[in-house]
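Colleague: coords below, sequence missing:
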């Protein structure tokens, strides 16, 4: 049963990423802990031990259990961090705008798939939607197209912007972090869509 929280009057747009896990339209950057990459060395050792054991042996079964425990440890750390992060957002904001990302399609990119899956964007969205509904908050997902390439101040398109460009500057005077600019655009789009419904 839902237990609505007291209204705060605060709204936010959230841009997910790899260098920063989240960037908000308020200018807050949440660090990406990169759980899988941090534990990769231990996983390699555990995987080698499994590979060296004879198939069907009790030693191999023990090694498999150690490897599984290591994967569970990573998943549990990710889940715990995400739940605490979501709790903070739901407590602070009445209205939250996120990107409507096609994560399965994005994860097909061989250069980014490990980082995307390690960040846990899908789990974050699932938890945020669930906790927000329980707390009586509103979550709106908007298409992310051109949110990074559009000036959040005047609407000009940055035609030459690439993934390597982490800072945007516009003729109107805007100069800010690329992800923060995207979060501001997401916030504006989400508010506009919500007001039209």
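Modeller: Perfect, thanks for sending it. Everything quoted here is computed from the prediction, not taken from an experiment.
Colleague: Point out where the chain drops to low pLDDT.
Modeller: Regions of the chain meeting the criterion pLDDT under 70 cover residues 197.
Colleague: Would you map the helices across this protein?
Modeller: 35-38, 40-52, 58-92, 103-106, 113-119, 121-135, 178-196 (DSSP state H).
Colleague: looking at these, which is closest to residue 25?
Modeller: Closest to residue 25 of the helices of the chain is helix 178-196 (CB to CB; 4.1 Å). The way it works is simple: take the backbone N, C-alpha and C, and place the C-beta from them, glycine included.
Colleague: Pick the most buried one from the helices of the chain.
Modeller: Ranked by mean neighbour count, the helices of the chain are led by helix 178-196 with a mean of 20 (mean count of other CB atoms under 10 Å).
Colleague: Just name whatever secondary elements that one is in contact with.
Modeller: Identification of packing neighbours for helix 178-196 by 3 or more CB pairs under 8 Å, 6 or more residues apart in numbering; DSSP states H and E yields strand 11-16, strand 20-24, strand 95-99, strand 138-142, strand 167-169.
Colleague: chain center to that helix, what's the gap?
Modeller: From the chain centre to the centre of helix 178-196 is a distance of 16 Å (CA atoms, centre = their mean, to the nearest Å).
Colleague: Identify all contacting residues around it.
Modeller: Contact partners of helix 178-196, identified using CB atoms under 8 Å, 6 or more residues apart in numbering, comprise 11-15, 17, 19-20, 23-25, 27, 29, 95, 97-99, 138, 140, 142, 144, 146-148, 150-152, 161, 165-168, 174.
Colleague: List buried residues within those.
Modeller: Buried members of the contacts of helix 178-196, scored by 16 or more other CB atoms under 10 Å, are 11-15, 17, 20, 23-25, 29, 95, 97-99, 140, 142, 144, 147-148, 150-152, 168.
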